[in-house]
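Asker: Output the structure for:
(2 chains)
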Amino acid sequence: MTNYLLHILIVCEIIIPFALGLQLEIGETGLYNFGHVAFFGISAYASALLTTHGIPFMGALFASLALAGLFAWGVGYPILRLRGDYFGLAMLGFAEIMRKIFLNESWLTRGPMGIPGIPRPSFFGVPIHTLPRFAIFYGLFVIAAAFAVYHVTRSPLGRVFHAIRDDEYSASAVGKDTFRFRRTSLLMGTLLAALGGVFWAHYITFISPSDFTLNETILALLIVVIGGRWGMAGTILATFFVIGFQEGLRFLPLPESFGRLIAPMQQMFFGLVLVLIVLKREKSWFHKGDRLAQG
Amino acid sequence: MSLFLQSLLDGLIAGSIYALFAVGLTLIYGTLHFINFAHGELIMAGAYFAYLFMMPPLHLSPFISGGCAIVGVVCLALLMDRSVFSPLRNANSLLLLIASLGISLFFQNLAQVIWGAEIRTFPFPLERGISLGPVVITPVQAWILIIAAGAIFLLYLFLKFTRAGKAIRSVSDNPRLAKTFGVETERVIRFVWIVAASLAAVGGVLYAADTNLEPHMGTINLVRAFAAVLLGGVGNVWGALIGGIVIGLSENLGVLILPIGYKDAIAFCVIILLLLFRPEGILGVRWGVR
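Answerer: Alright, predicted model coming up:
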């Protein structure tokens, strides 16, 4: 039982940075990034490949974050010119193309077979191999990440993000280079997603292209939509809520024949929640409702 | 050479199906101004409804099953509009997009609960292809071309010569002006849903006849449709039509040079390139059925 609770806690610690990244982009800056999972996937693959080729965990971690950041910088340069739903759709396209690359470039990624046997992390000689150690090790990173996000949102930088979210034209009218700030936001969100991706790869120890689909982005979107209204704390709480629900369902004593229905039914429920929240919050959603980042 | 011609024909067949998806999507975009992510699920629903009627115990003929599928999908679309999109009529397009994403997730997984995740095909007998010079076309493919062309022709007649069609064109051209002239916007929106859903259903059935059915078939077809919509210019019906055919051709010709695994990525590349370089579409004319 304790192990099971620890497992849920660790999965939450993986998803929290991922969701916080999206919260920073959508909730703070108004960047509707529907391809968030791409960066989660890039760093998971990068870290898995580096460590299975003998690079120590900490080195692989920073290299993977850097690589994901580089990708965000590269695709951000053209795609950030777009606004609103066009930006979201173009990012979604980017994420799907990345998934096709994971799937088809078998010489690098082993294609649909995925990468098994990803080594467990170690922190300067201390092996992280038990559940409590994972929980503490990841927890420290998550606290650091949350601390950083908290400070960014309260800093002058965060205020520029909010200004861009609420009214980009006014923000540029007072002399803010909004393109640069939007890119900074995308980059920060990406680094958080990438942190989650590395954690995921080294905890599950097996990754394949099917781990990085639109469904993962929707999961983060759901968390942000549920909790984002109350800022960072809300997002973290919503992560526990959603992941607890998701992982909890798996352990319910249900008959075998019902088992294969669990995953789709849970997705149906998530879809329903997404629709209901949007319907409920039509006016107040994300502080500004209708004026947000149009066109 | 014959491989090239065969790919050209296959691309044309696939493209004529994508055109049906794209026209519906662009009509919705033109009148309601949001990207309906659930359009893919209307396509999927059309295919599965037809499958339901074609298989035992009902065993209806493909044409009757297709007709029943259209009715079912139209009801589904009207239900979606009434329950979700209608209360959000004046909301931000991103909220509508997120709501439609939720609907899409819901129905995709509902289909998986009902029919399972496995790939299914329509119970058509295997038939010999007909040789037309260097290319081969199967009877099913010939029917697909005929039905797709017929559907487009009916759409043309509807938009051009009926009062409802004119009302649709006026609202998507300029909603406020249309309202001033006494066009009932809500009624027009209902018509648009009916037309878009019927085309999605027909396209879904044809797509399933050409390839196969699975619960997640909607997403990739939505992407193709969206790429076609952008190609033609958002809200431009005839542009979307041509866009669909272009996407079908470029996918089938693209795999001659690209690895086959990247076939589905072509539509995404088209989307990204178009958004960056020509967001108003190749054919221009933004916002409006011309």
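
Asker: for chain B, longest helix please?
Answerer: helix B:2-32 (DSSP state H).

Asker: Helices of the stretch 1-150 of chain B, residue ranges please.
Answerer: B:2-32, B:39-54, B:62-80, B:93-115, B:139-161 (DSSP state H, counting those that start in this stretch).

Asker: that older thread, now the longest helix of chain B, how far from the chain's geometric center?
Answerer: Mean C-alpha position of helix B:2-32 versus that of the full chain (CA atoms, centre = their mean, to the nearest Å) differs by 8 Å.

Asker: Could you report the neighbour count for the residue lying closest to B:Thr26 once chain neighbours are set aside?
Answerer: Distances taken as CB to CB, 6 or more residues apart in numbering or on different chains place B:Ala240 nearest to B:Thr26, at 4.0 Å, with adjacent residues excluded. For every residue, glycine as well, the C-beta is placed using N, CA and C. Residues lying near B:Ala240 (other CB atoms under 10 Å in any protein chain shown) number 34.

Asker: B:Ala240 in helix, strand or coil?
Answerer: When classified by DSSP: H, G, I helix; E, B strand; the rest coil, B:Ala240 comes out as helix.

Asker: now do A:Arg229
Answerer: helix.

Asker: how near is it to B:Phe4?
Answerer: If you measure A:Arg229 against B:Phe4 using CB to CB, to the nearest Å, the figure is 56 Å.

Asker: swap in B:Ser16?
Answerer: 19 Å.

Asker: More neighbours: these two, which one.
Answerer: Neighbours were tallied for B:Ser16 and for B:Phe4 using other CB under 10 Å; the higher tally belongs to B:Ser16 (24 against 12).

Asker: residues in the stretch 151-290 of chain B within reach of chain A, list them.
Answerer: B:219, B:223, B:226, B:259, B:261-262, B:264-265, B:268-269, B:271-272, B:275-276, B:279 (CB under 8 Å from any CB of the partner chain).

Asker: Point out the least confident one among these.
Answerer: Looking at those by pLDDT, the weakest one is B:Pro279, with 67.

Asker: Torsion angles phi and psi at the residue in chain B sticking out farthest from the centre?
Answerer: Distance from the C-alpha centroid of chain B peaks at B:Thr180, with 31.5 Å (CA atoms, centre = their mean). Reported as degrees, to the nearest 10, the phi and psi values for B:Thr180 are phi -60, psi -40.

Asker: where's it relative to B:Arg169, distance?
Answerer: Taking CB to CB, one finds B:Thr180 at 16 Å from B:Arg169.

Asker: Kindly report the same for B:Met217.
Answerer: The gap separating B:Met217 from B:Arg169 is 31 Å, by CB to CB.

Asker: likewise A:Val11?
Answerer: Taking CB to CB, one finds A:Val11 at 52 Å from B:Arg169.

Asker: among the residues of the stretch 151-290 of chain B next to chain A, who's most crowded?
Answerer: Neighbour-wise, those (other CB under 10 Å) top out at B:Phe226, 32 neighbours.

Asker: just to revisit the earlier point, what about the longest helix of chain B, average pLDDT?
Answerer: Helix B:2-32 carries an average pLDDT of 89.

Asker: Highest mean neighbour count out of the helices of the stretch 1-150 of chain B?
Answerer: A comparison of the helices of the stretch 1-150 of chain B by mean neighbour count, using mean count of other CB atoms under 10 Å in any protein chain shown, puts helix B:39-54 on top with a mean of 26.

Asker: so B:Pro259 sits right up against A:Glu105, yeah?
Answerer: No: in terms of CB atoms under 8 Å, B:Pro259 does not count as a neighbour of A:Glu105; the distance is 9.4 Å.

Asker: So which bits of stretch A:198-216 are buried?
Answerer: Buried residues in stretch A:198-216, counting neighbours by 16 or more other CB atoms under 10 Å in any protein chain shown, are found at A:198-203, A:207-209, A:211-216.

Asker: make that stretch A:148-167, sorry
Answerer: Buried residues in stretch A:148-167, counted by 16+ other CB under 10 Å: A:Val149, A:Val152, A:Thr153, A:Gly158, A:Val160, A:Phe161, A:His162, A:Ala163, A:Ile164, A:Arg165, A:Asp166, A:Asp167.

Asker: Name the nearest of those relative to A:Gly248.
Answerer: A:Val149 (26.6 Å; CB to CB).

Asker: quick one: that closest one from A:Arg83, how far?
Answerer: As judged by CB to CB, A:Val149 and A:Arg83 stand 24 Å apart.

Asker: now do A:Leu70
Answerer: Counting by CB to CB, the gap from A:Leu70 to A:Arg83 is 24 Å.

Asker: try A:Leu131
Answerer: Using CB to CB, we find A:Leu131 at a distance of 44 Å from A:Arg83.

Asker: ditto for B:Pro125
Answerer: From B:Pro125 to A:Arg83 the distance is 51 Å (CB to CB).

Asker: Need the three-state assignment for A:Tyr32.
Answerer: From three-state DSSP, the assignment for A:Tyr32 is coil.

Asker: With adjacent residues omitted, what lies nearest to it?
Answerer: A:Gly88 (3.9 Å).

Asker: Equivalent analysis for A:Thr190, please.
Answerer: Leaving aside its chain neighbours, A:Thr190 sits nearest to A:Ala72 (3.8 Å; criterion: CB to CB, 6+ apart).

Asker: following the helix or strand hosting the one you found, which helix or strand shows up next?
Answerer: Element membership of A:Ala72, judged by DSSP states H and E, is helix A:57-79. Next along the chain after helix A:57-79, taking DSSP H and E as the criterion, comes helix A:84-104.

Asker: That following helix packs against which elements?
Answerer: Helices and strands touching helix A:84-104, by 3 or more CB pairs under 8 Å, 6 or more residues apart in numbering or on different chains; DSSP states H and E, are helix A:37-52, helix A:57-79, helix A:106-109, helix A:214-227, helix B:93-115, helix B:217-232, helix B:263-277.

Asker: would CSV of those helices with distance to A:Pro119 be doable?
Answerer: As requested, the helices and strands packed on helix A:84-104 are arranged in CSV below (distance: least, CB to CB, whole Å):
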stretch, distance to A:Pro119
helix A:37-52, 5
helix A:57-79, 7
helix A:106-109, 17
helix A:214-227, 23
helix B:93-115, 35
helix B:217-232, 34
helix B:263-277, 31
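
Asker: In chain A, where is pLDDT below threshold?
Answerer: For chain A, residues meeting the criterion pLDDT under 70 lie at A:254-257, A:282-295.

Asker: remind me, longest helix of it?
Answerer: Longest helix in chain A by number of residues (criterion: DSSP H): helix A:178-204.

Asker: What angle do helix A:57-79 and that helix make with each other?
Answerer: On the basis of axes from the mean of the first three to the mean of the last three CA atoms, to 10 degrees, helix A:178-204 is oriented at 140 degrees to helix A:57-79.

Asker: Thanks a lot, see you next time.
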